[in-house]
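>>> build me a model from this:
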Amino acid sequence: MSDQLSVEEIDDVELPGALQRLDDTQLDGTIQGLDSNQIPRVLLAIKSMNDEQGQRIIQRLDPSKDNRIQTFDTRSHVLGY
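Numbering: from 1, shown residues only. Got it, this is the predicted structure:
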């Protein structure tokens, strides 16, 4: 498997499972390679994951470190926290 997943090529239904199967290096590459238009799809995919799986991704989508997502409030708007 390559160092990152092409989120654009994966169906919304299959995206949560595909993200969960990535190891940490692959997940890092996938998140770093995301187009800002794909971030909402990833956030919606997290909703169907358990807390531990979702946290692996949320930790990599830190708005204080990533200006692509500073306009998203990941906890309240998408995840319902």
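
>>> which residues of the protein score low on pLDDT?
1-2, 68-81 (pLDDT under 70).

>>> what do you get if the cut-off is 90, keeping everything else the same?
Applying pLDDT under 90 to the chain picks out residues 1-6, 32, 34-37, 39-40, 58-81.

>>> quick check: phi and psi at the most centrally placed residue in it.
Nearest to the geometric centre of the chain sits residue 42, at 3.9 Å (CA atoms, centre = their mean). Main-chain torsions, residue 42, degrees, to the nearest 10: phi -70, psi -40.

>>> distance of it from residue 10?
Applying CB to CB, to the nearest Å, the value for residue 42 to residue 10 is 10 Å. From N, CA and C alone the C-beta is placed, and that goes for glycine too.

>>> same question, residue 58
Residue 58 is 19 Å from residue 10, where distance means CB to CB.

>>> residue 63 too?
Separation of residue 63 from residue 10 (CB to CB): 24 Å.

>>> neighbour count winner among these two?
A direct count of neighbours by other CB atoms under 10 Å for residue 63 and residue 10 places residue 10 higher, at 17 against 13.

>>> what is the neighbour count of the residue nearest to the more buried one when sequence neighbours are not counted?
The shortest distance from residue 10 to any non-neighbouring residue, by CB to CB, 6 or more residues apart in numbering, is to residue 18 (5.2 Å). As a burial measure, residue 18 scores 16 neighbours (other CB under 10 Å).

>>> quick one, helices of the protein?
Taking DSSP state H as the criterion, the chain contains helices spanning 15-20, 24-32, 39-46, 51-58.

>>> elements contacting the last one?
The one in question is helix 51-58. helix 24-32, helix 39-46 (3 or more CB pairs under 8 Å, 6 or more residues apart in numbering; DSSP states H and E).

>>> and if you look at the first one?
When contacts are defined as 3+ CB pairs under 8 Å, 6+ apart, helix 15-20 packs onto helix 39-46.
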